[in-house]
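A.B. asks: Predicted model and sequence below, questions to follow.
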Amino acid sequence: MAQCSTKQLLARIYGRGRGVVFTPKDFLDLASHDTVRQALGRFVEHGNVRRIMRGVYDYPRYSTLLHAPASPDPDAIATAIARAHGWTILPTGDTALNLLGLSTQVPAQWQYFSDGPSKKYEWIGGTLAFKHRANKETTVLSPRTALIVQALKTLGESSVDDSVIATLRTKLDAKELARAVREARYVTSWVYEIIKRLAAEEKARHA
């Protein structure tokens, strides 16, 4: 790899900020796959980046509490793997609840529906599980709306109480809720009613 390309690669990583997760495929516009992989290997040796698992790296955040690099973001790892393979993924189960702040428990296994093959990936901090599923109900939804739908369906209608509504209010803004109302009209009826309620309350609050 030419020196200028090495600098470009590192500049792109640094430019995306700490916590970014990536694979060699994110840099194929700069050089060949083998060349990028070799450069990333050198960056790991020099401490510029961290290898999370084979073919997956991050520019780690630093934990002032631990005085060491922080653990990588599992959702960012999942997104980077999906991007490299051209998969569309959707957080489900406890993963969806965690990402929306509806559960403080860290999932033992981060779970995603995927239009790719069912597959598991492990790293020192946990496991990612991709489950092949053609979910017609969510394929037409934006990622944020799909996340809301999956989280509510995981909870179940009887578990959606005032505390859940209050948490969702803090996690979703008016623009996200308005989009969810437009997109989710064909999902399970009780889920859609909750989304409409949240959107109406948010609109009234800013009226």
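C.D. replies: Sure thing, it's come through. Numbering: from 1, shown residues only.

A.B. asks: tell me the domain ranges of the chain?
C.D. replies: Partitioning the chain according to automatic domain parsing yields domains covering residues 3-69, 87-205.

A.B. asks: Span of the longest one from start to end?
C.D. replies: The one in question is domain 87-205. 38 Å (C-alpha to C-alpha, to the nearest Å).

A.B. asks: What mean pLDDT does it get?
C.D. replies: Average pLDDT, domain 87-205: 92.

A.B. asks: Same question for the first one.
C.D. replies: In this model, domain 3-69 carries a mean pLDDT of 91.

A.B. asks: that older thread, looking at the domains of the chain, spot the one closest to residue 75.
C.D. replies: domain 87-205 (6.2 Å; C-beta to C-beta). For every residue, glycine as well, the C-beta is placed using N, CA and C.

A.B. asks: name the helices or strands packed onto the top helix by length along the chain?
C.D. replies: Looking across the chain with DSSP state H, the single longest helix is helix 189-205. Helices and strands touching helix 189-205, by 3 or more C-beta pairs under 8 Å, 6 or more residues apart in numbering; DSSP states H and E, are helix 143-155, helix 162-171, helix 174-183.

A.B. asks: Now do the buried residues in that helix.
C.D. replies: In terms of neighbour count (16 or more other C-beta atoms under 10 Å), helix 189-205 has its buried residues at 191-192, 194-195, 198-199, 202.
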